[in-house]
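Enquirer: Model the following, please.
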Amino acid sequence: MKNIAIDGPAGAGKSSIAKLVAKNLGIVYVDTGAMYRTMALACLRDGVDTSDEQAVSKKVGDVEISIEYIDGAQHIFLGTDDVSSEIRQEEVGKNASLIARYAFVRSKLVSIQQELATRQDVIMDGRDIGTVVLPDAYLKVFLTASSKVRAQRRYKELVEKGVECDIDEIEKDIIARDEQDMNREVSPLKQADDAVLVDTSDMSIDQVVSRIMELYNAD
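Expert: Predicted coordinates for the structure are as follows:
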């Protein structure tokens, strides 16, 4: 299998880039972050305190998450409910980062992700794809960008959706999430030893996609 692993901090453009690379190569894009967001949404819907590891543990056993491709687009389901749009809320993202610290949550979702990668060539993005989920991936890329650039991108995205927001608060949240992701005990965010670092701060989306395509086709 010629799988691609893309890791990096929040707001580095991983999902957008991965989707375009997947389209160009004709392979399947697996949004692992969406899985964690869906798990977080399940907790929020039931009023589960995501900082309570024991409470989350009890909830996780009952959660059913699945991925379907409809008209070429990935849709993620919580049970039978398509939550593809709902999981993109800011509150869900913050809580997803919290529950991603828990070993039992990661274990359940990683097994689903690995099984998908044995069936077909995939591209996955997340925090620990190259180090844990797909350690033998054909290509590993670590995407990053400055916290200021990532905040500007997120601010623009929210404003375009009509959401009122403060760019300084967004950057503070991004820095806090970086700290949390890099210092969690289970599968912390880090660059795999054999991953290629790509800083997207001064690159357009097309330039980043081209760079990854070059790396993929290097052999």
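
Enquirer: after the helix or strand where E115 lies, next one along is what?
Expert: Secondary structure assignment for E115, by DSSP states H and E: helix 103-119. The helix or strand immediately downstream of helix 103-119 is strand 122-126, counting by DSSP H and E.

Enquirer: since we're on A12, how many residues are nearby?
Expert: Neighbour count for A12, taken as other Cβ atoms under 10 Å: 26. Quick note: C-beta positions are derived from backbone N, CA and C, even for glycine.

Enquirer: Enumerate every residue touching it.
Expert: Residues near A12 by Cβ atoms under 8 Å, 6 or more residues apart in numbering: 143-145, 150, 200.

Enquirer: got CSV for these, with secondary structure too?
Expert: Formatted as CSV, these follow (DSSP: H, G, I helix; E, B strand; the rest coil):
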residue, secondary structure
L143, strand
T144, strand
A145, coil
R150, helix
T200, coil
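
Enquirer: ok, so of those, who is nearest V83?
Expert: Nearest to V83 out of the contacts of A12 is R150 (Cβ to Cβ; 24.4 Å).

Enquirer: Now the closest one: closest residue in space that isn't a chain neighbour?
Expert: Leaving aside its sequence neighbours, R150 sits nearest to G11 (Cβ to Cβ, 6 or more residues apart in numbering; 3.2 Å).

Enquirer: Can you verify that neighbour is assigned to a helix?
Expert: No. Counting by three-state DSSP, G11 falls outside a helix, being coil.

Enquirer: Can you classify F142 as helix, strand or coil?
Expert: Recorded secondary structure, F142: strand (three-state DSSP).

Enquirer: That one and K58: what is the separation?
Expert: 35 Å (Cβ to Cβ, to the nearest Å).
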